[in-house]
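[1] Have a look; sequence and predicted model below, questions after that.
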Amino acid sequence: MSTQPFHDIKTERQDITKPLPRILILVPVMFCISCVAAITLNLLFFFKIKESETTKIEWQEIIEEETLRKSETEKLIELIKDEDRRAKDVYDWVEGSRQLQPLAVGVARSMGVKSSIEELSLVRDVENPHQIRIGLDFVNGGQKQLDSTLSAINELGYRAYSANQTSGQGGQVDYQATLIWQKISNNNNLSLNNNE
Amino acid sequence: MSNKHFGCLALGLFIMLMGHWTNASYKKLRLARDAEEMSRTAFDGAVFARSAEQRKMVILKKNTIDSREYLNQWEPYIKQTKNAQFGEALINLRIKQAGIITLSQVYETVDHVKGGTISKTLNAKLVFEDDYVKTLNWLADLEGSLPAIRVSNCKLSKGQSGNDIKMELSLDIPIINSENGKDSQT
């Protein structure tokens, strides 16, 4: 068997193109580098985007929590305001509901032995219930007795305003005045001792 | 152009496409980061708003501590009478317990302040004639045991015999329906 090469069989190729410039060898190299870089960077960006989205969701959850806490606080504020409003209403009511019995007893006890009450009326003003209109009709004792009664009223914490006094026959005295509780202006603190 | 040129052009186009893809991803990343930053800023705003509200609440609580304490002390007395029937029965019970002679008694439900805490009151017009001490002690006991009661009118005059007095009373009893009222305590 012959070991001669077949060079002689291979014919010259006539239609072969000219080789590309040497510089274009960089194109496939750049392509490879680009492929690696693009895949790496996109993977990196993908994970970073996911991380950012997760962080954003976490922030939004905390924001929702904060908003919820804020709305709860707003509700509490409304409750406190409502309680304050109710306290003022109750205060107004209680201020206009001071016991009248001590006043009636005080007036009755202030009467001297000879004096006698014909009629005693204590009427609260509709608009200002802490103001009491007193009407006292008594016999005997005159001015001295009236002073003693007014002193007893003062001791109970009331002061008489717009007084009107008429004296009739037989030592009858008709006294009318508006009584105002004196400690109202001095006592700004709300307390339970109003009726004491 | 030969196939080699087309090959180079195709590779060049692929390189450009990959660059564009990477750039688009980078833009997405920047958008995501901007959104994250906005959320962080929004969180700062939310924390600030919540802190401001809480500070407001603390100040309000501090400023209203006396009035709320007052309300806590008085509300049970104000709510003693749940409805007009209950108030009427309560007064009747007190009268029966004392055994005081009653000449007349008239009850009426009256509107007090619309929208206010005390919207209605039970007005009782009572006329008694009995012993002076017994009558006034009864009044003291009534005012003491029902501190929210308001005696809007009290007229005392001599009775028909000895130590008797005639007492004409007009009482106002606050009626708070606890179902309608706000019971919440802060």
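    Received it, and whenever you're ready, just let me know what you need.
[2] Mind checking the pLDDT average for the helix ranked longest in chain B?
    Using DSSP state H to assign secondary structure, the helix with the most residues in chain B is helix B:3-63. Along helix B:3-63, the predicted local confidence has a mean pLDDT of 93.
[3] And stretch B:160-173, by the same measure?
    Per-residue scores along stretch B:160-173 average to 90.
[4] Same check on stretch A:35-43?
    Average pLDDT, stretch A:35-43: 95.
[5] now do stretch A:147-157
    For stretch A:147-157, the per-residue pLDDT averages 90.
[6] likewise stretch B:136-146?
    90.
[7] List the buried residues in it.
    Of the residues in stretch B:136-146, those with enough neighbours to count as buried (16 or more other CB atoms under 10 Å in any protein chain shown) are B:136, B:138-140, B:142-143, B:146. For glycine as for every other residue, the C-beta is placed from the backbone atoms N, C-alpha and C.
[8] Tell me how many other residues crowd the residue nearest to A:L136 when sequence neighbours are not counted.
    The shortest distance from A:L136 to any residue other than its chain neighbours is 4.6 Å, reached at A:Y175 (CB to CB, 6 or more residues apart in numbering or on different chains). A:Y175 has 20 neighbours, counted by other CB atoms under 10 Å in any protein chain shown.
[9] Which residues lie in contact with A:Y175 in this structure?
    By CB atoms under 8 Å, 6 or more residues apart in numbering or on different chains, the residues touching A:Y175 are A:134-138, A:146, A:149, A:163-165.
[10] so how far is the longest helix along chain A off the chain centroid?
    For chain A, the helix that runs over the most residues, judged by DSSP H, is helix A:26-95. Between the centre of helix A:26-95 and the centre of its chain there are 26 Å (CA atoms, centre = their mean, to the nearest Å).
[11] Write a ChimeraX command that selects only the buried members of the contacts of A:Y175.
    Applied in ChimeraX, the following selects the buried portion of the contacts of A:Y175 according to 16+ other CB under 10 Å:
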select /A:134,136,137,138,146,149
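[12] would you turn the contacts of A:Y175 into JSON lines with secondary structure?
    What follows is the contacts of A:Y175, written out as JSON lines (DSSP: H, G, I helix; E, B strand; the rest coil):
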{"residue": "A:I134", "secondary structure": "strand"}
{"residue": "A:G135", "secondary structure": "strand"}
{"residue": "A:L136", "secondary structure": "strand"}
{"residue": "A:D137", "secondary structure": "strand"}
{"residue": "A:F138", "secondary structure": "strand"}
{"residue": "A:L146", "secondary structure": "helix"}
{"residue": "A:T149", "secondary structure": "helix"}
{"residue": "A:A163", "secondary structure": "strand"}
{"residue": "A:N164", "secondary structure": "strand"}
{"residue": "A:Q165", "secondary structure": "strand"}
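[13] Distance of the closest residue to A:Q145 other than its chain neighbours relative to chain B?
    Excluding its sequence neighbours, the residue lying closest to A:Q145 (CB to CB, 6+ apart) is A:S115, at 4.7 Å. Between A:S115 and chain B the distance is 13 Å, computed by CB to the nearest CB, to the nearest Å.
[14] Ramachandran coordinates for A:S115?
    Dihedral angles phi and psi of A:S115 (degrees, to the nearest 10) take the values phi -80, psi 160.
[15] Tell me if the longest helix of chain B is near chain A.
    Yes - using CB under 8 Å from any CB of the partner chain, helix B:3-63 comes into contact with chain A via B:3-5, B:8, B:11-12, B:14-15, B:18-19, B:21-22, B:25-26, B:28-29, B:32-33, B:35-36, B:39-40, B:42-43, B:46-47, B:49-50, B:53-54, B:56-57, B:60-61.
[16] In PyMOL, how would I select the buried members of those residues?
    Here is the PyMOL command that selects the buried residues among the residues of helix B:3-63 next to chain A (16+ other CB under 10 Å):
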select buried, chain B and resi 8+11+14+15+18+22+25+26+28+29+32+33+35+36+39+42+43+46+50+53+54+57+60+61
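[17] follow-up on the earlier one: residues contacting the residue nearest to A:Q145?
    Neighbour list for A:S115: A:138-141, A:145 [criterion: CB under 8 Å, 6+ apart].
[18] Those residues into CSV, with extra columns for secondary structure and distance to A:I49?
    As requested, the contacts of A:S115 are arranged in CSV below (DSSP: H, G, I helix; E, B strand; the rest coil; distance: CB to CB, whole Å):
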residue, secondary structure, distance to A:I49
A:F138, strand, 97
A:V139, strand, 102
A:N140, coil, 103
A:G141, coil, 100
A:Q145, helix, 98
